[in-house]
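Student: what follows is a predicted protein model with its sequence.
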Amino acid sequence: MTLPIGLTVAGTDPTGGAGIFADLKAMHSRGVYGMAAVTSLTAQNTLGVQDVYNVPADFIDKELNSIFSDEVPHAMKTGMVAEADMMTVIAEYIRKYNIPYVMDPVMIATSGDRLMTDISMATLIDTLLPLSHIVTPNLHEAEAIANMTIRTEEDIHRALKIFVDEMGAASVIIKGGHLSGDATDYLYDGKKISTLTRARIDTDQTHGTGCTFSAVLTAELAKGRTVEEAFRTGKAYITSAIQNSPGIGKGSGPVNHFSYQGD
Ligand SMILES: Nc1ncnc2c1ncn2[C@@H]1O[C@H](COP(=O)(O)OP(=O)(O)OP(=O)(O)O)[C@@H](O)[C@H]1O
Ligand SMILES: Cc1ncc(CO)c(N)n1
């Protein structure tokens, strides 16, 4: 029996709700074999990020070399990539192996703590963003990267086009988790804009929603699904995961990575 392989290149969250451990759980629950290269260790919990310890870029290169020289994954994602030289290393592997790549441009944790510097953001835009099959900014990240304020639906449409038509991503999903009203996400693939909407769940149990969502997209691409199909599965999965959150920790708790049972 063969299994599709998904790779996550991201930071750790020792409580397992966000980052690389959440990605592995999400891939596992979608029937995909998960591999993981660690970019940063964080000391964090549901209340916030207490400290960050970055892995040197040349060691990330060794991790990726160990993976790719042995077995090439079918799709990969990046999450927290704190420093510019890490991005340069990761971009080399994406270019060389040309596998579907989902970029979650992690800048700030759910708790509001910064996970990337301003200087790295310019490199993110220059190196990783143009290589991405799907880039998945939340509203704040979309504002920071597209360098504009997003208040209205027209603003969102303008931002979507900046990501694809100007910055060179193949497609973008702007997540509306931080808007008021329904939870609507917007996909643009250079041709058309499509949206998926679910009623907003009234909860603070949303730690790691972005990581989990992009890991599901990666798992679906690893199976050979289209971006549209991956988007639909990702949205259904994350909605179920938030609805069935296990109530762990004293703050913004994690979602349930095993509740979604769809195809
Ligand atoms: N309260 C909610 N009810 C329903 N769906 C939600 C809610 N919060 C987030 N979502 C959905 O979860 C997914 C992730 O979106 P979100 O905007 O929370 O990402 P994020 O901010 O990157 O996450 P993170 O907190 O991990 O940084 C999107 O599909 C979004 O619509
Ligand atoms: C390691 C890590 N990556 C991403 C996020 C964003 O939720 C987080 N809190 N921690």
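Tutor: Here it is on my side, so go on. Ligands and ions are numbered 1, 2, ... in the order given.
Student: for burial, what's the neighbour tally of I193?
Tutor: 15 (other Cβ atoms under 10 Å). Where C-beta positions appear, they are placed from N, C-alpha and C, glycine not excepted.
Student: in contact with the residue nearest in space to the middle of the chain, which residues?
Tutor: The chain has D104 as the residue nearest its centroid, 3.1 Å off, counting by Cα atoms, centre = their mean. Listed by Cβ atoms under 8 Å, 6 or more residues apart in numbering, the contact set of D104 reads 10, 77-79, 135-136, 210-211, 213-214.
Student: in a markdown table, list those residues along with distance to ligand 2.
Tutor: As requested, the contacts of D104 are exported to a markdown table (distance: Cβ to the nearest ligand atom, whole Å):
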| residue | distance to ligand 2 |
| --- | --- |
| A10 | 6 |
| K77 | 11 |
| T78 | 10 |
| G79 | 5 |
| V135 | 15 |
| T136 | 12 |
| G210 | 5 |
| C211 | 5 |
| F213 | 10 |
| S214 | 10 |
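Student: turn those into CSV, including neighbour count, secondary structure and pLDDT.
Tutor: Formatted as CSV, those follow (neighbours: other Cβ atoms under 10 Å; DSSP: H, G, I helix; E, B strand; the rest coil; pLDDT from 0 to 100):
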residue, neighbour count, secondary structure, pLDDT
A10, 28, strand, 98
K77, 31, strand, 98
T78, 29, strand, 98
G79, 28, coil, 97
V135, 30, strand, 98
T136, 29, coil, 98
G210, 24, helix, 96
C211, 30, helix, 98
F213, 27, helix, 98
S214, 30, helix, 98
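Student: without its sequence neighbours, what residue ends up closest to the residue nearest to the centre of the chain?
Tutor: Nearest non-adjacent residue to D104, counting by Cβ to Cβ, 6 or more residues apart in numbering: S214, 3.9 Å away.
Student: repeat for V49
Tutor: Leaving aside its chain neighbours, V49 sits nearest to D113 (3.8 Å; criterion: Cβ to Cβ, 6+ apart).
Student: distance-wise, check that neighbour relative to M80.
Tutor: Going from D113 to M80 by Cβ to Cβ, to the nearest Å gives 11 Å.
Student: the more surrounded of these two?
Tutor: Neighbours were counted for D113 and for M80 using other Cβ under 10 Å; M80 has more, 27 against 13.
Student: thought the more buried one was touching V38?
Tutor: No - contact criterion Cβ atoms under 8 Å: M80 and V38 do not qualify, at 9.7 Å.
Student: can you give me the offset of the longest strand seen in the chain from its chain's centre?
Tutor: Secondary structure of the chain per DSSP state E: the longest strand is strand 33-45. In terms of Cα atoms, centre = their mean, to the nearest Å, the centre of strand 33-45 is found 13 Å from the chain centre.
Student: ok, now stretch 132-149?
Tutor: Put simply, stretch 132-149 sits 12 Å off its chain's centre (Cα atoms, centre = their mean).
Student: does ligand 1 have contacts with it?
Tutor: Yes - with Cβ under 6 Å from any ligand atom as the criterion, ligand 1 is reached by stretch 132-149 at N138.
Student: please point out which parts of that stretch sit buried.
Tutor: Neighbour-count burial for stretch 132-149 flags 132-139, 141-146 (criterion: 16 or more other Cβ atoms under 10 Å).
Student: which one of these is nearest to ligand 1?
Tutor: Using Cβ to the nearest ligand atom, N138 is the member of these that lies nearest ligand 1, at 3.4 Å.
Student: anything in the helix ranked longest in the chain sitting right up against ligand 1?
Tutor: In the chain, taking DSSP state H as the definition, the longest helix is helix 227-243. Yes - against ligand 1, helix 227-243 shows contacts by Cβ under 6 Å from any ligand atom at 235, 238-239, 242.
Student: for these, give me TSV that also has neighbour count and distance to ligand 2.
Tutor: As requested, the residues of helix 227-243 next to ligand 1 are arranged in TSV below (neighbours: other Cβ atoms under 10 Å; distance: Cβ to the nearest ligand atom, whole Å):
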residue	neighbour count	distance to ligand 2
K235	23	18
I238	25	13
T239	20	17
I242	22	14
